[in-house]
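**Student:** Fold the following for me, if possible:
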Amino acid sequence: MKLKEFWNENKKIIGKLILNQFGATFLGIMVITAASAARDQRAWLMLFASCFASIFYLFLIYNVIWERGGQDRIKIDGGRAHRKSLTGLWIGLAANIPNFILALLVLISDPFKGPEAPWAVTMNVTGRSLCLLWEGMYAGFVSYFSPHNPIIHLLYVFPAIFVCTFGYLLGLSNARIMSVFELKHPKK
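**Tutor:** Sure thing, here's the model as predicted:
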């Protein structure tokens, strides 16, 4: 599949995933800000808030990508398309391009920051600030586990990519994670 065809076919779903990240970021920032105001047990509350916001975000993108997998399943069953198992991975990678760019800003500038390279300090501070604003649901994890390690900004892209890949495959096979909690109709 060519890149232009892929983009035309999946731009709405990629836009939905980016919009979901935007909403989950604001939820994460609000919840983590409220948790950081606590005096006692601040670390525990920030981790809990970040965990809640992250799971909420991953659940949102799971639902969007599962629906896309289900739509593709219908096309495959009708003979209008071929099975492409890696579509969820490619959609996840495309939707996380802003995250990769921000992580690269931080990773490129981090080794050079110092008094002799003010451009690197500016780029690093800007990149880290934008990472906290764009990926606010992970802010509690970053502040607790790895506030000074630049690799963390690249690592928190992978859960979203994994959920996109896994959710799409589940949608293709018409299986749901939440089916365990669904009510069964009694047999007559």
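
**Student:** With R83 as the reference, measure out to A139.
**Tutor:** For A139, the distance to R83 equals 38 Å [Cβ to Cβ, to the nearest Å]. In short, each C-beta sits where N, CA and C put it, glycine included.

**Student:** Have a look at those two and say which one is more surrounded.
**Tutor:** Taking neighbours as other Cβ atoms under 10 Å, A139 and R83 compare with A139 leading, 25 against 10.

**Student:** contacting residues for the more buried one?
**Tutor:** Neighbouring residues of A139 by Cβ atoms under 8 Å, 6 or more residues apart in numbering: 28-29, 32, 46, 50, 132.

**Student:** Farthest-apart pair in the residues you listed, please.
**Tutor:** Pairwise distances across the contacts of A139 peak at 12.8 Å for M46 and L132 (criterion: Cβ to Cβ).

**Student:** More neighbours: which of those two?
**Tutor:** Legend: neighbour count by other Cβ under 10 Å for M46 and L132, higher for M46 (22 against 19).

**Student:** mind listing what that one touches?
**Tutor:** The contact partners of M46, by Cβ under 8 Å, 6+ apart, come to 32, 35-36, 139-140, 143-144.

**Student:** In this structure, what helix or strand scores lowest on average pLDDT?
**Tutor:** Scoring the helices and strands of the chain by mean pLDDT, DSSP states H and E places helix 139-145 at the bottom, with a mean of 86.

**Student:** show me where this protein has helices.
**Tutor:** For the chain, helices defined by DSSP state H occupy the ranges 3-36, 42-77, 87-95, 97-109, 118-134, 139-145, 152-155, 158-172.

**Student:** So I177 sits against L170, correct?
**Tutor:** Yes. Taking contacts as Cβ atoms under 8 Å, I177 lies within contact range of L170: 6.8 Å.

**Student:** Show me which of these two is the more surrounded one.
**Tutor:** Ranked by neighbour count (other Cβ under 10 Å), I177 and L170 place L170 first, with 19 against 14.

**Student:** Which residue comes closest to the more buried one once chain neighbours are left out?
**Tutor:** W66 (5.9 Å; Cβ to Cβ, 6 or more residues apart in numbering).

**Student:** Who are the contact partners of the one you found?
**Tutor:** Counting by Cβ under 8 Å, 6+ apart, W66 makes contact with 167-168, 170-171, 176.

**Student:** so where's the protein shaky on pLDDT?
**Tutor:** Low-confidence segments of the chain (pLDDT under 70): 1, 179-183, 188.
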